[in-house]
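1. Fold the following and give me the result.
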Amino acid sequence: MPDVSIRLAGIADRPIMERLWLMFRHDMSEFDGPLPNADGTFRSDRLHRAFSEPDWAPYLVTSGDSPAGFALVRSLSAPTRVLNSFFVVRGARRTGIGVRVVQEIAARHPGSWEVAFQDANLSAVRFWRRVATEIADGAWTEERRSIPGRPDLPPDVWISFNTPALTHD
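-> Prediction:
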């Protein structure tokens, strides 16, 4: 597995996170359909919340000196945390980075977790089921939930699992 670092993103990381966000939204547009805004950007309210709201946390993933992805976590003070947005750049996929990132972030915030994805994104379906199985040893659930205010879209798939804290030897 490549050298991977996962850290809470600071304000100096915001331009990198914004560029990664564009790649993420571009990838997701295959499944949820929106075109970019007139200025070439995509909706980025979740990214802005991650940097401005106290119940959110933006994580930057690097491999060596290169940005390799991000994770946005919300509901940190709630009984169940939500992995709101997750992205690994294409060149780093299928190397084990994604699973490691989710394991480490979930362990930093132990307890109940939920993550949503779309059935049409077959790679995500396989990935999230594997992650939940590895983290929760098969003790996870999956359900479909309608997207509030969007009856035109198919329901999201939500996986729920629990994670213990990291232990250090």
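
2. Report the separation between Val82 and Asp39.
-> Here Val82 is placed at a distance of 29 Å from Asp39 (Cβ to Cβ, to the nearest Å). For the C-beta atoms, the positions are set from N, CA and C on the backbone; glycine is no exception.

3. Counting neighbours, go ahead and name the busier of those two.
-> Each of Val82 and Asp39 has its neighbours counted (other Cβ atoms under 10 Å); Val82 has more, 18 against 5.

4. With only the CA atoms kept, save the helix or strand containing the more buried one in CSV.
-> Val82 is part of strand 80-88 when elements are defined by DSSP states H and E. Extracted as CSV, the C-alpha positions of strand 80-88 are listed here (Å, rounded to 0.1, in the frame of the first residue of the first chain):
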residue,chain,number,x,y,z
THR,A,80,-24.5,8.7,14.7
ARG,A,81,-21.7,10.3,12.6
VAL,A,82,-22.2,10.6,8.9
LEU,A,83,-19.5,10.2,6.3
ASN,A,84,-21.0,12.8,4.1
SER,A,85,-18.6,12.9,1.2
PHE,A,86,-15.7,10.6,0.4
PHE,A,87,-13.3,10.7,-2.6
VAL,A,88,-10.1,9.0,-3.7
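
5. Can you give me the buried ones in it?
-> Arg81, Val82, Leu83, Asn84, Ser85, Phe86, Phe87, Val88 (16 or more other Cβ atoms under 10 Å).

6. what sits opposite the residue nearest in space to the middle of the chain in the beta ladder?
-> The residue lying closest to the centre of the chain (Cα atoms, centre = their mean) is Phe86, at 2.0 Å. Going by DSSP bridges, Phe86 is paired in beta bridges with Ala71.

7. circling back: output the contacting helices and strands for the strand holding Val82.
-> Counting contacts by 3 or more Cβ pairs under 8 Å, 6 or more residues apart in numbering; DSSP states H and E, strand 80-88 packs against helix 14-32, helix 45-52, strand 66-74, helix 97-108, strand 111-117.
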